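# give me coordinates for this.
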Amino acid sequence: MGTIKEELNGILTLAFDVKEGLGILAPHTPVRLTGIHEYEVEPYVGPGQPDFFPHVGYVLVPNSKPGSKVVVATRARAVQRLVAGEMIPIGKTLTFNNDGKLILATFREAQAAFKVMDFMWDGGEKLVIDTQVIQEGFEFFTGGDISMTAQNIANAIDSHIDGYRGEHEDFDKVIVRRESNGPNFNNTIPELSTTDDGMDIVVDPSLAQDGDISILDAYGLALTGAAAPDTMIDVLVF
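Below you'll find the predicted structure:
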């Protein structure tokens, strides 16, 4: 009984339309916004990439017939009217920017990148990812062209560098992503360097970006969308 009382403490109830064609939603069905029409829900089966739509709550009062409204119980605190700082689709989780306006909450791992310039290396060049090292001729070998060499480096990062992923992109790029690791998440850009003279491989600063896991601690959920910045939207506050 204690668990039930805690679960129902301070609930908020909201009326939503049910997505066309779904019929009657049974009580206790978890639901999420459809992301298409304002205040419209459909059953929630889990967050899927790349949308990460969270569930709004659970059906408290089912719709009496297809097309009628359903009452949803949610543990959110309130519905507020706030200013969007960018275009925001319905159903997305939100956080604030430095100007106090709402922006999309995201999940992005910190990354940096190498650019492979050539595949005829002198041999023995070292690549440093933060404090960890891989060396040509030991952890990886060059390939028959630039693309194969980049892929070999990415594979070596996956195999030999703890806490990082290597991904081969755009023929000559090796993206180095610092993997998320729960409460120890590090959102700073990985520090890359190489002993090469720049003829075979260089660090590409244009692809560096910090990490962001604001989606895991979002302020609320967009009940209505914003087609442009500085638009007022309804937000379900968590």
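# enumerate every residue touching residue 228.
By Cβ atoms under 8 Å, 6 or more residues apart in numbering, residue 228 lies in contact with 84, 87. (Each C-beta comes from the backbone N, C-alpha and C, glycine too.)
# in the protein, where is pLDDT below threshold?
Of all residues in the chain, those with pLDDT under 70 make up the ranges 1-10, 47-51, 181-184.
# now do 80
By pLDDT under 80, the weakly predicted segments of the chain are 1-10, 46-53, 180-185, 216.
# following element in sequence after the longest helix seen in it, please.
Longest helix of the chain, by residue count under DSSP state H: helix 146-160. For helix 146-160, the following helix or strand on the C-terminal side (DSSP states H and E) is strand 164-169.
# please name every helix or strand in contact with the helix or strand following that next one.
Using DSSP H and E, the helix or strand that directly follows strand 164-169 along the chain is strand 173-178. Applying 3 or more Cβ pairs under 8 Å, 6 or more residues apart in numbering; DSSP states H and E, we find strand 173-178 packed against strand 111-116, helix 146-160, strand 164-169.
# now the residue nearest the centre of the chain, nearest residue through space, not along the chain?
What sits nearest the mean C-alpha location of the chain, by Cα atoms, centre = their mean, is residue 107, with 2.6 Å. Nearest residue to residue 107, sequence neighbours excluded (Cβ to Cβ, 6 or more residues apart in numbering): residue 215, at 4.7 Å.
# OK, contacts around the one you found?
52, 93, 105-107.
# that one belongs to a helix, doesn't it?
Yes - checked against DSSP: H, G, I helix; E, B strand; the rest coil, residue 215 lies within a helix.
# ok, back up a step: dump the helices and strands packed on strand 173-178 into JSON lines; add mean neighbour count and distance to residue 236 as well.
Below are the helices and strands packed on strand 173-178 laid out as JSON lines (neighbours: other Cβ atoms under 10 Å; distance: least, Cβ to Cβ, whole Å):
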{"stretch": "strand 111-116", "mean neighbour count": "23", "distance to residue 236": "32"}
{"stretch": "helix 146-160", "mean neighbour count": "19", "distance to residue 236": "39"}
{"stretch": "strand 164-169", "mean neighbour count": "18", "distance to residue 236": "34"}
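# for the protein, just list every one of the helices.
Here the chain has its helices, by DSSP H, at 2-8, 146-160.
# for the longest one, packing partners?
Think helix 146-160. With contacts taken as 3+ Cβ pairs under 8 Å, 6+ apart, helix 146-160 sits against strand 111-116, strand 132-135, strand 164-169, strand 173-178.
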